[in-house]
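Colleague: Have a look; sequence and predicted model below, questions after that.
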There are 2 protein chains.
Amino acid sequence: MAKNEKLVSSITSMDTDFAQWYTDICKKAELIEYTSVKGCMVIRPYGYAIWENIQHILDTMFKETGHENVCLPMFIPESLLNKEKDHVEGFAPEVAWVTYGGKEKLEERLCVRPTSETLFCEHYANIIHSYRDLPKLYNQWVSVVRWEKTTRPFLRSREFLWQEGHTIHATAEEAIIETEQMLNIYADFCEKALAMPVIKGKKTESDKFAGAVSTYAIEALMHDGKALQAGTSHYFGDGFAKAFDITYTDKNNTIQIPHQTSWGVTTRLIGAIIMTHGDDNGLVLPPAVAPIQVVIVPVAQHKEGVLEKANEIYNTLKAAGIRVKLDDSDNSPGWKYSEYEMRGVPVRLEIGPRDIEENHCVAVSRHNREKVFLSLDNLAESVKERLQAVHDGMYAKALANREEKTYSCTSMEEIKEMLATKGDGFVKAMWCGDEECEDKVKAETGVGSRCIPLEHEDISDKCVCCGKPAKHMVVWGKAY
Amino acid sequence: MAKNEKLVSSITSMDTDFAQWYTDICKKAELIEYTSVKGCMVIRPYGYAIWENIQHILDTMFKETGHENVCLPMFIPESLLNKEKDHVEGFAPEVAWVTYGGKEKLEERLCVRPTSETLFCEHYANIIHSYRDLPKLYNQWVSVVRWEKTTRPFLRSREFLWQEGHTIHATAEEAIIETEQMLNIYADFCEKALAMPVIKGKKTESDKFAGAVSTYAIEALMHDGKALQAGTSHYFGDGFAKAFDITYTDKNNTIQIPHQTSWGVTTRLIGAIIMTHGDDNGLVLPPAVAPIQVVIVPVAQHKEGVLEKANEIYNTLKAAGIRVKLDDSDNSPGWKYSEYEMRGVPVRLEIGPRDIEENHCVAVSRHNREKVFLSLDNLAESVKERLQAVHDGMYAKALANREEKTYSCTSMEEIKEMLATKGDGFVKAMWCGDEECEDKVKAETGVGSRCIPLEHEDISDKCVCCGKPAKHMVVWGKAY
């Protein structure tokens, strides 16, 4: 070990304690740090750079589909929050209240936005008059606050970063198309950028967003067999519009009520990445969002020509648009290997005197530790192919894990048995549509309804709980 | 006027009522909208797109100089805010206090960050141990809250968007270099991206940031002759580090105290753009941050080939990376001219049947209404040159305005006379360094010290107020 080299300390194994393993990665990969603000965290540069990459890709997808960014206030007056009945019931219990401005008590208290439907509605009521003003396809990248009792980095915190899309349309049909479009964008993003397979589905009545007609969600399965809701898209009908008195004049000069949607993903996606791809050596990042896609580790770097060649490779890859880092610090190669494995860098390139002689370098994929030799000719191209192969491999691995942990069951007994013998996972089982059965499945087996997948499968024709005719195939699971 | 065409309503003239002219532009150019949240505003898509362009350019400059983005909590516990004496005195009177989380009263109240020095200090105390951990060059793009009594869009609002850089260094020297570097970056940005000349200077003792050893600022002159502080950069010395117990071990294993800086610009820059470049026809945007750089207005668009050619031009410019819009709506060309003048689009291209015949189009610069013919051959290149010429022209115009309104004075009488006869502006006058004189100048003439320019000028060798030997040349002005 070189002088001044600090040890890369190991982390708890995920089989020993999955929750501790998760927290260890958040800390050791330097994604977050705790603060004296209870339930809130610092997102450190490496964690924030992942979020910036997520933002950049999603924002481009939003803009390509005609959405515009805006910024609304972070405060909501209590009277405004109270305007839509279901909505306020859902959110009021968990908001933070501002009651003083300086030394003066406010006449009306303000909550820090837990979500911004009410503010968007007020704004839409101000700016929408005619059919010519529709649709408005707005989004904002902000943070929101929900006063959670128990918190965990990225998964549940009192303040979290997100984007919230809020759109308003002339017709129900248009709004429903928008709701579905955004769900598809989220699913595509998760699969193509995060290498994370998701199930697209509809939430049951009991699990809908406060104020929505219908809530769609994408559900992913984490490595421990628990489900994680990775994004939601809501269709509101005209409920909010009525509560906030938003109307427009159509082409025939008749007053009409518009229809709305909202949709969001949060920094929770970083938690999803950790728990989908991570292993006992640390984080494993999908290339599309990795702050460093390739790290170059020189071997025997004191020998003539090694650092020179490493720099040459660095410049080649950088010029090709690859996010590359060359670590020429005096730490040992072994230390560096561990460090960048902990940080989940998708591809490591090793280059030493012998490699240079043979005009190649060694490329090691983080997710499966596969080693290949890459010729130094056309290296940028072959590294790009490597990154694509890593993405594909990560996706296949995550999908295989989900398939292995997905159980089709036709009875309550079978659900219990599968969970007991195979561990937590997704359970596919039929449901009659009755909330009582939904509750009973959860009470007796521990798995709640995650969603009714858009892609239907016929497991049987009877409700897994009551045996009456089934209306839906539901994916059940234990949720984060 | 075409059917359904709405009138572009005119705005108050700036000579009639500058403040109303300003507000009219904010509303009519659709930059902002008011809300029921007092003192806060909606930044609408067109306004937010300007901010996104500002962010993109500045963020690139920050990253090129080694800075990393992070995200710290929006709340600060009262005890944390109280740790640095000067700082809390400066900010406590104007913070918003959260006292309840849901139905429960908080044990300790939290303020919504008015600025984040205290949180960064707490974080630095956690993560800095050795000289190897230094420097940390952090920045965050967030919103902050200050409970202002009187507010105006962009210039002063209870919530505003900004970036706050917070850096920590091993030595005072390094920290001072950083403070100056960031001031230079801000000044370069204002001149090169916003076409706005600024004076770089140091604030006097009475005008320093709460907790700073020294505060540097860039000062711009608005069209009405008032000064606007467009960005600040603070050197903190080791005051915060001592208050928050941040130390590090140097190479000789000795405990040392690090030195800090912070620096920020806000959405106020959008206000500065309006008041530097705007005119009685509306907004005038510098090309670098204009959401639409070029608008194409077809003339006699019903005639054969016109829309086709307009689309061809659109595609050519778009492919060249120009932010271009083609307005082929059924509004009249005249209406469109007014609309995009109101929105400050830097260059308008008019293309009609006769232009097509002559293989050219008409390019009109927003800031001076200059019309030129541009050949349709190599149009992307000539439009880019045009945009550069517009930038240069806008900068020259703004600089000429500032020069015209800058008065070198050697007596109090002269200051009063210049302001009375020539109107508000920058006053250059010598100062002995005594706070009493500083206050007296303000009380008697109405202009306060804006900054001590880094570029010194010898107006005289005596204080303009007391006649004692002068220590500094000060730029004085009425401030926004």
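Modeller: Noted; the coordinates are in hand.

Colleague: what residues are up against the closest residue to chain B within the stretch 251-400 of chain A?
Modeller: Nearest residue of the stretch 251-400 of chain A to chain B: A:T267, at 8.7 Å (C-beta to the nearest C-beta). From N, CA and C alone the C-beta is placed, and that goes for glycine too. Residues in contact with A:T267, defined by C-beta atoms under 8 Å, 6 or more residues apart in numbering or on different chains, are A:I43, A:W51, A:F154, A:F160, A:L161, A:W162.

Colleague: Phi, psi for the second one please.
Modeller: Backbone torsions for A:W51, taken as degrees, to the nearest 10, come to phi -60, psi -40.

Colleague: so where is chain A shaky, pLDDT-wise?
Modeller: A:1-9 (pLDDT under 70).

Colleague: Let me see the ranges of the helices in it.
Modeller: Taking DSSP state H to define them, one finds helices in chain A at A:18-28, A:45-64, A:78-81, A:85-91, A:117-127, A:172-192, A:239-243, A:268-277, A:306-319, A:333-342, A:353-357, A:379-404, A:412-422, A:435-445.

Colleague: Show me which residues of the first one are buried.
Modeller: Think helix A:18-28. Neighbour counts using 16 or more other C-beta atoms under 10 Å in any protein chain shown place A:F18, A:W21, A:Y22, A:T23, A:D24, A:I25, A:C26, A:K28 of helix A:18-28 among the buried residues.

Colleague: and the nearest residue to A:K471 once chain neighbours are set aside, how many residues sit next to it?
Modeller: Closest residue in space to A:K471, ignoring its immediate chain neighbours: A:G433 at 3.9 Å, by C-beta to C-beta, 6 or more residues apart in numbering or on different chains. For A:G433, the count of nearby residues is 16 (other C-beta atoms under 10 Å in any protein chain shown).

Colleague: before we move on, what about A:G165?
Modeller: 23.

Colleague: do the same with A:S329
Modeller: 14.

Colleague: In contact with it, which residues?
Modeller: A:K336.

Colleague: Tell me the residues of the stretch 101-250 of chain A that contact chain B?
Modeller: By C-beta under 8 Å from any C-beta of the partner chain, the residues of the stretch 101-250 of chain A that approach chain B are A:101-103, A:109-110, A:112, A:119, A:122-123, A:126-127, A:132, A:138, A:142-143, A:145, A:147, A:158-159, A:161.

Colleague: Among these, name the ones in strands.
Modeller: Taking DSSP state E as the definition of strands, these contribute A:G101, A:R109, A:L110, A:V112, A:Y138, A:V142, A:S143, A:V145, A:E159, A:L161.

Colleague: right, and out of these, which lies closest to chain B?
Modeller: A:G101 (3.8 Å).

Colleague: now the contacts of A:T267 as a markdown table including neighbour count?
Modeller: Below are those laid out as a markdown table (neighbours: other C-beta atoms under 10 Å in any protein chain shown):
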| residue | neighbour count |
| --- | --- |
| A:I43 | 26 |
| A:W51 | 22 |
| A:F154 | 27 |
| A:F160 | 21 |
| A:L161 | 22 |
| A:W162 | 17 |
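
Colleague: between those residues, which is closest to A:D279?
Modeller: Nearest to A:D279 among these, counting by C-beta to C-beta, is A:F154 at 17.7 Å.

Colleague: domain ranges for chain A?
Modeller: A:18-277, A:294-389, A:406-477 (automatic domain parsing).

Colleague: May I have the distance across the second one, first residue to last?
Modeller: Looking back up the chat, that one is domain A:294-389. Across domain A:294-389, the terminal residues are separated by 14 Å (C-alpha to C-alpha, to the nearest Å).

Colleague: for A:G201, what are its contacts?
Modeller: So A:G201 contacts A:Y216, A:A217, A:I218, A:E219, A:R450, A:C451, A:I452, A:P453, A:L454, A:V475 (C-beta under 8 Å, 6+ apart).

Colleague: which non-adjacent residue is nearest it?
Modeller: Nearest residue to A:G201, sequence neighbours excluded (C-beta to C-beta, 6+ apart): A:C451, at 2.9 Å.

Colleague: Ramachandran coordinates for the residue of the stretch 251-400 of chain A closest to chain B?
Modeller: Dihedral pair for A:T267: phi -60, psi -10, per degrees, to the nearest 10.

Colleague: Who does the residue nearest to it when sequence neighbours are not counted form a beta bridge with?
Modeller: Leaving aside its sequence neighbours, A:T267 sits nearest to A:L161 (C-beta to C-beta, 6+ apart; 4.6 Å). Note on A:L161: beta-bridge partners by DSSP bridges are A:S143.

Colleague: Next, the contact list for A:L161, please.
Modeller: A:I43, A:W51, A:W141, A:V142, A:S143, A:T266, A:T267, B:C71.

Colleague: got it, and A:S375?
Modeller: So A:S375 contacts A:N359, A:H360, A:S382 (C-beta under 8 Å, 6+ apart).
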